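Participant: the sequence isn't on hand, but the structure is:
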């Protein structure tokens, strides 16, 4: 689950109950597309991946965790400080459907061991969605998108030719794989 400007100002908070310490490419693309209005002048969105109390390895509880995180944020609390009873998630959601209400999910005691927040920048440009500070980019006239020279495999004479143009940060549309 992600929120923008609710718990942290001018950035995106990501709560992910799957084990791992990196953002996968599909999540990175979603964040870049969803939160492009928060991009800074370099086309980067600040993302804070907040560690949650418990991790699970399977994907069967991703949805219930997302609902628990959303209910917690709507209650004005930080989901990263909560330790939900994973075995009670499904039943709690079913009870919510039956009663027509969503209330806070059952929780245990938070663990004392907490992972550190991971702060990163996601590019709203380029097909790699990675923000490389100070990396030269070129704009495609056809797509109106920006790309890193390395990501479009533009090196040597081709790169030099683009940089020598009067409007050096533009090139004709290319088909990218």
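Facilitator: Ah, there it is. Bear in mind that the values here come from a model prediction, so they are computed numbers and not experimental data. Numbers count the residues shown, from 1 in each chain.

Participant: make it CA atoms for all contacts and neighbour counts henceforth
Facilitator: OK.

Participant: checking residue 52 next. Helix, strand or coil?
Facilitator: coil (DSSP: H, G, I helix; E, B strand; the rest coil).

Participant: any idea how far it lies from residue 157?
Facilitator: 48 Å (C-alpha to C-alpha, to the nearest Å).

Participant: helix, strand, or coil at residue 3?
Facilitator: Per three-state DSSP, residue 3 ends up strand.

Participant: what is the burial count for it?
Facilitator: 16 (other C-alpha atoms under 10 Å).

Participant: my guess is it contacts residue 16, does it?
Facilitator: No - contact criterion C-alpha atoms under 8 Å: residue 3 and residue 16 do not qualify, at 11.7 Å.

Participant: picking that back up, so between residue 52 and residue 157, which is more surrounded?
Facilitator: Just comparing residue 52 and residue 157: by other C-alpha under 10 Å the higher neighbour count belongs to residue 52, 24 against 9.

Participant: the closest residue in space to the more buried one that isn't next to it in sequence: how many residues sit nearby?
Facilitator: Distances taken as C-alpha to C-alpha, 6 or more residues apart in numbering place residue 80 nearest to residue 52, at 4.2 Å, with adjacent residues excluded. Neighbourhood size, residue 80 [other C-alpha under 10 Å]: 21.

Participant: quick check: domain ranges of this structure?
Facilitator: Split into domains by automatic domain parsing, the chain comes to 2-120, 135-177.

Participant: most packed of those?
Facilitator: Highest mean neighbour count of these: domain 2-120, a mean of 16 (counted as mean count of other C-alpha atoms under 10 Å).

Participant: distance between the ends of it?
Facilitator: First-to-last residue span, domain 2-120, C-alpha to C-alpha: 14 Å.

Participant: also stretch 84-102?
Facilitator: First-to-last residue span, stretch 84-102, C-alpha to C-alpha: 15 Å.

Participant: outside of that stretch itself, list whatever touches it.
Facilitator: 54, 61, 64-65, 68, 71, 103, 105-108 (C-alpha atoms under 8 Å, 6 or more residues apart in numbering).

Participant: so residue 158, which state does it fall into?
Facilitator: Criterion first, three-state DSSP; result for residue 158: helix.

Participant: which residues sit in contact with the residue sitting nearest the centre point of the chain?
Facilitator: Centroid-nearest residue in the chain, with C-alpha atoms, centre = their mean: residue 31, separated by 4.0 Å. Residue 31 is in contact with residue 122, counting by C-alpha under 8 Å, 6+ apart.

Participant: that one and residue 47, how far apart?
Facilitator: Taking C-alpha to C-alpha, one finds residue 31 at 8 Å from residue 47.

Participant: mutual contacts of those two, please.
Facilitator: What both residue 31 and residue 47 touch, as defined by C-alpha under 8 Å, 6+ apart, is the set residue 122.
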